[in-house]
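> Structure for this input, please:
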Amino acid sequence: MVPTPVKRIDPAQFSLKETVVSINRVTKVVKGGKNLSFSALVVVGDPVAKIVGFGTGKAKEVPAAIKKGMEAAKKNLRKVHLLETTIPHQVTGRFGSGLVLLKPAPQGTGVIAGGPVRAVIEAAGIPNVLTKSIGSRNPHNAVKATINALEQLREKNEVADIRGLAIEKI
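Numbering: from 1, shown residues only. Here you go, the predicted model:
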């Protein structure tokens, strides 16, 4: 499925919550020795507005890498379509060899997810969902696959317009 172009969302009008998913120490070997730097994967979101985004940042120190990751994530925000307390339908997201399955859950279930997938789901403000991470458990692939799955969620009126039917017939 071809991703639809994402309309830019202004981060200033939301109270964004930041979560650092992973910090990786990266070493580049050069003629003079080893250059040490840090890479940070950050997820930001507003649980009330149902908005989520992710970004990566690299710098010589950890706080600078996290700051760069947050700036990148704020430029990469997306709206998530939900029912009252869960997602409208089952969906599978893929990025690289990482596959994430998201399933609707009844009220009171909570977020059944681990690690990077949990960070994205909580940042998006989805209170009840079941998830399964299949294939690569690399944090970068898991976050991108989860975002891909959330982008595939559709509301009833949007599906009705695509199919050319009345909302009652869906």
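
> Of all residues in this structure, which one is nearest the centre?
For the chain, residue 147 is the residue whose C-alpha lies nearest the centre (C-alpha atoms, centre = their mean; 3.6 Å).

> hang on, isn't it packed against residue 80?
No. Between residue 147 and residue 80 there is no contact under C-beta atoms under 8 Å: 9.4 Å. In this view, the C-beta of every residue, glycine as well, is placed from N, C-alpha and C.

> what's the burial count for the closest residue to residue 73 other than its chain neighbours?
Closest residue to residue 73 apart from its sequence neighbours, by C-beta to C-beta, 6 or more residues apart in numbering: residue 55 at 3.3 Å. Per other C-beta atoms under 10 Å, the neighbour tally for residue 55 reads 21.

> any chance you could map the helices in the chain?
For the chain, applying DSSP state H gives helices covering 62-74, 115-124, 139-151, 156-163.

> can you list contacts of the last one?
The reference is to helix 156-163. With C-beta atoms under 8 Å, 6 or more residues apart in numbering as the test, helix 156-163 has contacts from 81, 88, 154, 166, 167, 169, 170.

> Tell me where this protein is predicted with low confidence.
1-7, 170 (pLDDT under 70).
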